[in-house]
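Asker: How does the following fold in three dimensions:
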Amino acid sequence: MGGRGLNLTKAQKWMIGGASAVGVAGLGDWLWRKYHVVVNPVVNPATTAASVAMTAAMTAATVAVGQTPSASVALTNSGGAAATVSVSGVTTYQGATVGNWVAQSVIVPAGQSATLTMQTQAPVAANFAGDTLQVVFTGSSSASSPITAQATFTVAAVQIPQVTGITSTPTSSTTGVLAWQAAQGVTGAQYVLRHVDASGNVVATNMGNVAPQVTIPQTSITVSQLTAGAVLDWEVAVVAGGQTGPWSTVQTLQMPAAPATPTTPATPTGLRPISSTTSSITFEWNPVQGADTIQLGHVVNGSVVAILQNVGGTAVQATASGLNANFPETVAVRAGLNGQMSPFSAPVTGQTQAATTTNSGGGVTPVPTPTPTPVNTSQCASLLASLSAATSQAATIRAHISSLQTQWNNTFMNYSGTTAGKEAALAAITSQINAAQTQLASVSANGIAIAQRMSAAGCG
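Answerer: So this is what the prediction gives:
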């Protein structure tokens, strides 16, 4: 303080310390003129600076998965100056930040309030279904220190139904299809399957080619590499919103026993001619065990070129008919089971009887054997070529039939589709086999006719 010493009364001190800014200015002017004392105006900071408080409240206390939460943030400025406040927010779960809010700014006039509607940057994730989350809002401005406000909201639990319409269908002795109906009213539903025992206890081993527990989006799964005749117990549940619904009851897939491995019967033995007429020869062989068919084949140059007869597996005789009188017929025989044929036996030759006439005395006179016609070499060569072609064609058809039978067996054992699909596939292959067998019968009959023409022509 400059100037002379100044003694002030209590009233004067009160006037200086408590006067208004205008009053102090006038008093200061008087003091300067009288005592050369400078008096500065006294200003109360609380009446000029901004002072902002903040509260927050969620728009809804419970939010569904996939919704975007919002909140109302109230700002009150009790100071003497306007304030520009920027508000940001974070969502936390168990102390960790799991989401951010869209930041906003607002000017709050002195002595007034303002309200912001805040919203998260992303919808609530499904993995928080059933949890309570906390939100921390932070407001900042150049006129005041940062302020905070908190709020909480709960994420509604997802209602998940139990799986229905469950089926367990074997498609072969080692493959099956597990299926169920789609969950209704559940967004983004997936399905979890697990291996259990008959009591519902979890089993740690694989379900064939499938892991002990697997989650998939589709409503069926094909399980392979199972054991024929075994039982697979399993259960399934809906997964949605990070939650697993109630498990189904224990389901059972009963695998059928493996089909018996086809076996080839033994080649018939003891083939021999036992009777004949002028146009036929009957052959006989020893009984064969485990056969369902036996074939008598026509032999030319040591090879079977046509099938003369198909008889049942228990038969021991077959007749070659439609032959010429005094005609040698060479045959071989083989047995089969489920399409698996044994090799042919060694060839055996029988001969039809010679033709006879009745003489005037009532006796029977053998018809003399006609003098052989000279062999037509060119005709024989042509017939032999035709017979070779027929033989080759028959061999090709037999190989095709064998391939189709293998395809049929593989389809029966390993088909991985539906039961209806398997039956349709087997029926298609069976139709091809029947058509090939019909073609083979036609080619075989043509081969026999050619062989008989060669014999009649003396081709040897």
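Asker: What does residue 216 show for phi and psi?
Answerer: Dihedral pair for residue 216: phi -140, psi 160, per degrees, to the nearest 10.
Asker: how much space between the residue nearest to it when sequence neighbours are not counted and residue 394?
Answerer: Distances taken as CB to CB, 6 or more residues apart in numbering place residue 191 nearest to residue 216, at 5.8 Å, with adjacent residues excluded. No exception for glycine: its C-beta is placed from N, CA and C like everyone else's. Distance from residue 191 to residue 394, counting by CB to CB, to the nearest Å: 55 Å.
Asker: Now for residue 173: which residues touch it?
Answerer: 228-229, 255-259, 413 (CB atoms under 8 Å, 6 or more residues apart in numbering).
Asker: Can you turn the buried part of those into a PyMOL selection?
Answerer: Restricted to buried positions by 16 or more other CB atoms under 10 Å, the PyMOL selection for the contacts of residue 173 reads:
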select buried, resi 255
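Asker: so which of the contacts of residue 173 comes closest to residue 50?
Answerer: residue 255 (79.7 Å; CB to CB).
Asker: Go ahead and confirm the closest one touches residue 228.
Answerer: Yes. Here residue 255 reaches residue 228: they are 5.8 Å apart, a contact under CB atoms under 8 Å.
Asker: pLDDT weak spots in the stretch 151-300 of the chain?
Answerer: 260-262 (pLDDT under 70).
Asker: residue ranges with poor pLDDT in the stretch 351-460 of the chain?
Answerer: Ranges of the stretch 351-460 of the chain meeting pLDDT under 70: 357-376, 378-379, 456-458, 460.
Asker: And the strands in it?
Answerer: Taking DSSP state E, counting those that start in this stretch as the criterion, the stretch 351-460 of the chain contains strands spanning 356-358, 364-366.
Asker: again with the stretch 51-200 of the chain
Answerer: Going by DSSP E, counting those that start in this stretch, the stretch 51-200 of the chain shows strands at 52-58, 62-63, 70-77, 83-93, 96-100, 104-108, 113-119, 132-141, 144-155, 167-170, 176-179, 190-195.
Asker: Show residues contacting the shortest one.
Answerer: Judged by CB under 8 Å, 6+ apart, the contacts made with strand 62-63 from elsewhere in the structure are 69, 124, 153-156.
Asker: Partner strands of that strand, with direction?
Answerer: strand 144-155 (parallel) (DSSP bridges).
Asker: buried ones in the strand it pairs with?
Answerer: 144, 147, 149, 151, 153-155.
Asker: One more: stretch 120-134?
Answerer: For stretch 120-134, using 16+ other CB under 10 Å, the buried residues are 120, 124, 126, 128-129, 133.
Asker: Pull that stretch out as PDB, backbone CA atoms only.
Answerer: Extracted C-alpha coordinates of stretch 120-134, given in PDB (Å, rounded to 0.1, in the frame of the first residue of the first chain):
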ATOM      1  CA  THR A 120     -23.700 -46.700 -28.000                       C
ATOM      2  CA  GLN A 121     -21.600 -47.100 -31.100                       C
ATOM      3  CA  ALA A 122     -22.700 -50.800 -31.600                       C
ATOM      4  CA  PRO A 123     -25.600 -53.000 -30.500                       C
ATOM      5  CA  VAL A 124     -25.300 -55.300 -27.500                       C
ATOM      6  CA  ALA A 125     -23.400 -58.500 -28.300                       C
ATOM      7  CA  ALA A 126     -25.000 -61.900 -27.700                       C
ATOM      8  CA  ASN A 127     -22.300 -63.000 -25.300                       C
ATOM      9  CA  PHE A 128     -23.600 -60.500 -22.600                       C
ATOM     10  CA  ALA A 129     -27.100 -62.000 -22.500                       C
ATOM     11  CA  GLY A 130     -28.200 -62.200 -18.900                       C
ATOM     12  CA  ASP A 131     -25.400 -59.900 -17.600                       C
ATOM     13  CA  THR A 132     -25.500 -56.400 -16.000                       C
ATOM     14  CA  LEU A 133     -23.200 -53.800 -17.600                       C
ATOM     15  CA  GLN A 134     -22.000 -50.500 -16.200                       C
END
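Asker: Please list the residues outside that stretch that contact it.
Answerer: Counting by CB under 8 Å, 6+ apart, 63-70, 89, 91-93, 98-102, 150-158, 188, 240-243 sit against stretch 120-134.
Asker: swap in stretch 305-315?
Answerer: Here stretch 305-315 has contacts from 265, 287-288, 290-299, 317-320, 331, 335-337, 387, 390-391, 394, 440-441, 443-445, 447-448, 451, using CB under 8 Å, 6+ apart.
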